Structure formats: structure tokens, C-alpha cells
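# A structural model of the following input is requested.
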Amino acid sequence: MSNQNTSEIKFLIELDDNRVPEKLMWSAQDGGVDQEEAKAIMLSIWDSKEKETMRIDLWTKDMPVDEMKIFFHQTLVAMSETFKRATDDEKMADTMKDFCDYFAEKLELTK
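Sure thing, here's the model as predicted:
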């Protein structure tokens with residue numbers, strides 16, 4: 001891989017004695033982010049050889065449940081938008097957004 005056109009994103013996870021995340025930090029130099037704290041990370045990686053998704057889902061032990069619900073909702077909304085851009089399948093993207101609205105309604109989330 002050429003260094004000419006590369007970008008790096010780093011995650012630093014501080015664990016307690018039981019290997020539970022206490023602190024999550026991330027950096028993305030190209031985006032101007034340097035050791036910013038986060039409470040949760042969801043990372044999906046496509047393995048094209050195995051045709052499956054590998055996942056890393058981490059959250060700190062002090063992540064509030066109400067914030068986790070908002071995090072999930074916003075992630076689902078973003079996934080529906082990404083799905084539309086990646087597949088140009090507007091009908092399914094709209095169906096996904098309908099589910100996001102239902103999800104928010106059932107959790108009583110406000111926009």
C-alpha cells in the first residue's frame with residue numbers, strides 16, 4: 001500500500017481489571033480529531049472472502065442507557081442513508097427510515 005494516499009483512524013481503549021472499557025479515545029488526523037473521548041463505538045468490517053461482517057461493539061461502563069438508545073437510533077438512521085447511497089435502493093431505504101421512526105416512537109425519543 002502506498003503512503004501517498006492513506007489515512008489512519010486510531011482507537012485507544014482503556015480497560016479495567018475485568019477488561020471492561022472504562023475510556024474510549026479516537027483519533028483521525030485527516031478529520032482534525034486527536035484523542036477525542038467517546039462513550040461508545042460500533043465498527044463493522046466486511047470480510048469479502050468469508051462473505052460476512054465482523055463487528056466491534058464497545059461502550060464504557062458509564063455510558064447512560066438513555067444515551068445508548070439515542071446512539072442506536074442515530075446509527076440506524078445513518079445506516080439507512082448509507083444504504084441508499086451505496087445501493088441506490090430508495091424504496092428499501094425509505095422502509096428502513098420508517099423503522100427508524102417506529103424505533104424512536106417506541107423508545108419515546110425526541111428529535
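# now the strands for the protein?
9-15, 21-28, 33-38, 40-47, 52-59 (DSSP state E).
# how much space is there between the closest residue to Ser80 other than its chain neighbours and Phe83?
Nearest non-adjacent residue to Ser80, counting by Cβ to Cβ, 6 or more residues apart in numbering: Met96, 3.6 Å away. For every residue, glycine as well, the C-beta is placed using N, CA and C. Taking Cβ to Cβ, to the nearest Å as the measure, Met96 falls 6 Å from Phe83.
# Chain neighbours aside, what residue packs nearest to Glu8?
Of all residues beyond its chain neighbours, the one nearest Glu8 is Gln29 (6.7 Å), with distances taken as Cβ to Cβ, 6+ apart.
# pretty sure that neighbour contacts Thr6?
No: distance between Gln29 and Thr6: 10.7 Å, which falls outside the contact criterion (Cβ atoms under 8 Å).
# Those two - which one has more neighbours?
Legend: neighbour count by other Cβ atoms under 10 Å for Gln29 and Thr6, higher for Gln29 (11 against 8).
# so where is the protein shaky, pLDDT-wise?
1-3, 111 (pLDDT under 70).
# If we use 50, what do you get?
In the prediction, the chain carries no residues with pLDDT under 50.
# Can you name the residues that contact the closest residue to Lys23 other than its chain neighbours?
Once flanking residues are discounted, Lys23 sits nearest to Glu14: 4.0 Å by Cβ to Cβ, 6+ apart. Contacts for Glu14 (Cβ atoms under 8 Å, 6 or more residues apart in numbering) come out as Pro21, Glu22, Lys23, Leu24, Met25.
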